[in-house]
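Q: Sequence first, then the predicted structure, then my questions.
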Amino acid sequence: MSLKERDVSETSEAEIAVHWGEEEYYYPSAKFIAQANMTDPKVFERFSLENFPNCFKEYADLLSWYEYWHTTLDTSDAPCWKWFVGGRINASYNCIDRHLAKNKNKTAIHFVPEPEEERTDHITYQELYVRVNEFAAILKDFCGLKAGDTVTLHMPMVAELPITMLACARLGIIHSQVFGGFSGKACSDRIVDSSSNVLITMDAYYRNGQLIDHKEKADIAVAEAAKEKHKVDKVLVWQRYPGTYSSQTPMVQGRDFFVNDLLKDYYGARVDPVEMPAEAPLFLMYTSGTTGKPKGAQHSTGGYLAYVAGTSKYIQDIHPEDVYWCMADIGWITGHSYIVYGPLSLCASSVIYEGVPTYPDAGRPWRIAQNLDVNIFHTAPTAIRALRKAGPDEPLKYNFHFKHMTTVGEPIEPEVWKWYYQSIGKGEAAIVDTWWQTENGGFLCSTIPAINPMKPGSAGPGVPGIHPIVYDDDGNVVPPGSGKAGNICIQNPWPGSFQTIWHDRDRYVSQYYETYCKDPKSKRWQDWPYKTGDAAVVAEDGYVRILGRIDDVINVSGHRLGTKEIESAALIVAEVAEAAVVPVKHEVKGKEPDLYVVLMPGHTPSDDLAKKVQDAIVTEIGAIARPRMVWIVADMPKTRSGKIMRRVLSAISNGTEVGDVMTLANPEIVSEITKMVKEKLGSAKRS
Ligand code: PRX
């Protein structure tokens, strides 16, 4: 869809945003620069397009290879790029075994349980090695899994999650971790799409002070998959408290197994890492797209690991002696790349926090940072806004000092950036605003913290080896400094980029490469710019400011939700005839969905019905997609060709001008809906 055609509220936002002034630069401290991993400005020359693709050897050389590659980039199947072809490598070996000689006693993972009275678990590299090997033995011998098989993980934020991922990686098994907050149905869709016969889950976990039953979602997932004629043979259940079952749902004989029980037969087991081809898939990460069906972004082993190791070292500035805390969930790509694979490949100590940042109060993250002496912190604007709202003065009460901080996931307002810098960073930390996507494996745009100054609200230039370009709808280049927004693309492939959409190459090509492809028959990478689907403005200094998605995707708390996914979930309710979802500005989450529905004839609007629709969405997708409101309306504003005008609904929901609606097929409905929304929101505010 082109910028002109798009019909969500981003249209006007993008245009308004272009008129914002550019912010002043902030410079990193001399102290930060003195210790930084990357201080040589020539890095941009080394990674210039002239030196592409061989420049990426610098990243691949951060890893240990069984065998070196013969071809850096194979473009013969364009645009499915193959990196480091001929190379052989194992991701688990690179994140664990190779660190043992010098660092076996070093903490690999600090697991911080949500209940504050439970002690933090410090898992050394040796302990990680033992636990990953034992679990890998279960996968291999008990489950009969082998390289190339897929398994679905539906796990919360616990140390057992990276243990499970690394055990899969050890054997070349492709893992597909589904965000723990997603529903059993959402998990089932991903099980079926990835053809997994084994599901790995946990009985329960803590969130906001509650021990939440999680195993019940596994039962739903398996039952839903069965409806699609897909059989899950085994469900492996980790226990939040080993030896105690914390779920209400019964274990199914012959299908469900406690990992803790199985382990008894595998204590001390060792499993050799399997030497995998560099281009073998390491994992799938499902993400929302413009159509209802989530797509499995397929990430490679060698290219992906090289890219996350390189960006973790130079953009995150991770040194082996650092204590690094990324507060994202491992169920999202940020967690895969920048909690697990990036930091562990560099032998850092990575913090995993189970619960919500504001539990039991807004001082929690700062107590964790103080106790573990965290010095690198990584989070999203949504969390920064929540912490600022709940406890603006809390960070100053604790003795912690970050040298470096990251923001990721959505545009950060300059005001929020400045609070992050002053209050959390105490004016000492270098900040990187990292822009990228699930499909990309790692960062696309960011400042290099010791080289480029920071500019609030702007991500920065392309990171080394990433060459962004902005096109207008007709494929003309929008030059930096023109003050115009356009579709931001990347001119060249890079090792972290996904290889394809799992079993859907056509969708991969059409969604990401077709629009600006110069010649569909070409085998040259130069002819295949990658379309990100974001609108952006590039300033004269080359800094990129992202304005938001240009397709039908809503970014809630830094996570993409497909509007079609939410609308399809609403339509499961029999009384619903039509559904349209629009993004509404939210102080903390960035955006949240607002849902409009039209009922089937013969049904009367009621609060119960609205609740039923809301529940259906939570069941289908998860609480993250819960609409702010379900507005039951008599009709949708429509164009004469019958297209729902989401832009109009979005303006109503956001309380902005709806503009000229006289060309609609049914203009009178606009004032009717506006009145209803205003009245209800007005009375909600008063009460
Ligand atoms: O619109 C961009 C926004 O989030 C989208 C990618 O979402 P997802 O695949 O869930 O990955 C999130 C974590 C990488 C992008 O298309 N986005 C991500 N980071 C930023 C951002 N928007 C502005 N600034 C960012 N730093």
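A: Here it is on my side, so go on.
Q: where does the residue lying farthest from the centre of the chain land in three-state SS?
A: Distance from the C-alpha centroid of the chain, by Cα atoms, centre = their mean, peaks at Gly602 (42.0 Å). For Gly602, the secondary structure call by DSSP: H, G, I helix; E, B strand; the rest coil comes out as coil.
Q: Not counting its neighbours along the chain, what's nearest the residue in the stretch 201-350 of the chain that the ligand sits nearest to?
A: In the stretch 201-350 of the chain, the residue that lies nearest the ligand is Thr334 (4.8 Å; Cβ to the nearest ligand atom). Just so you know, the C-beta spots here come from the backbone N, C-alpha and C atoms, and that holds for glycine as well. Take Thr334 and drop its neighbours on the chain: the residue closest to it by Cβ to Cβ, 6 or more residues apart in numbering is Ala328, 3.9 Å away.
Q: try Gln499
A: Per Cβ to Cβ, 6+ apart, closest to Gln499 is Gln298, 4.9 Å.
Q: ok so the one you found is a helix residue?
A: No - counting by three-state DSSP, Gln298 is not part of a helix but strand.
Q: which residues touch the helix or strand harbouring Leu199?
A: Using DSSP states H and E, Leu199 sits in strand 198-202. Strand 198-202 is contacted by residues 139, 143, 145, 151-156, 158, 160, 164, 187, 191, 214-215, 217-218, 221-222, 232-240 when judged by Cβ atoms under 8 Å, 6 or more residues apart in numbering.
Q: Off-centre distance for that strand?
A: 21 Å (Cα atoms, centre = their mean, to the nearest Å).
Q: could you point out which element follows it?
A: That would be, after strand 198-202 and using DSSP H and E, strand 204-207.
Q: Show me what that following strand is packed against.
A: strand 210-213 (3 or more Cβ pairs under 8 Å, 6 or more residues apart in numbering; DSSP states H and E).
Q: Enumerate the positions of the strand it packs on that are buried.
A: Residues of strand 210-213 classed as buried by neighbour count (16 or more other Cβ atoms under 10 Å): 211-212.
Q: So what's the residue count around Phe44?
A: Phe44: 16 surrounding residues under other Cβ atoms under 10 Å.
Q: repeat for His230
A: Using other Cβ under 10 Å, His230 has 17 neighbouring residues.
Q: where does the residue of the stretch 201-350 of the chain closest to the ligand land on pLDDT?
A: Thr334 is assigned 97 on the pLDDT scale.
Q: After the strand or helix carrying Glu565, which helix or strand is next?
A: According to DSSP H and E, Glu565 maps onto helix 563-570. Downstream of helix 563-570, the first helix or strand assigned by DSSP H and E is strand 576-586.
Q: how far out from the middle of the chain is that next one?
A: Counting by Cα atoms, centre = their mean, strand 576-586 comes out at 22 Å from the chain centroid.
Q: any idea which helix or strand comes after it?
A: strand 590-599.
Q: Report the buried residues of that following strand.
A: 590-599.
Q: counting contacts, what elements does that strand pack onto?
A: Where contact means 3+ Cβ pairs under 8 Å, 6+ apart, strand 590-599 is packed against helix 381-390, strand 553-556, helix 563-570, strand 576-586, helix 607-620, strand 630-633, helix 646-654.
Q: Of those, give the one that comes closest to the ligand.
A: Of all the helices and strands packed on strand 590-599, it is strand 553-556 that lies closest to the ligand, at 5.5 Å by Cβ to the nearest ligand atom.
Q: partners of that closest one in the sheet?
A: Partners of strand 553-556 in the sheet, by DSSP bridges, are strand 559-562 (antiparallel).
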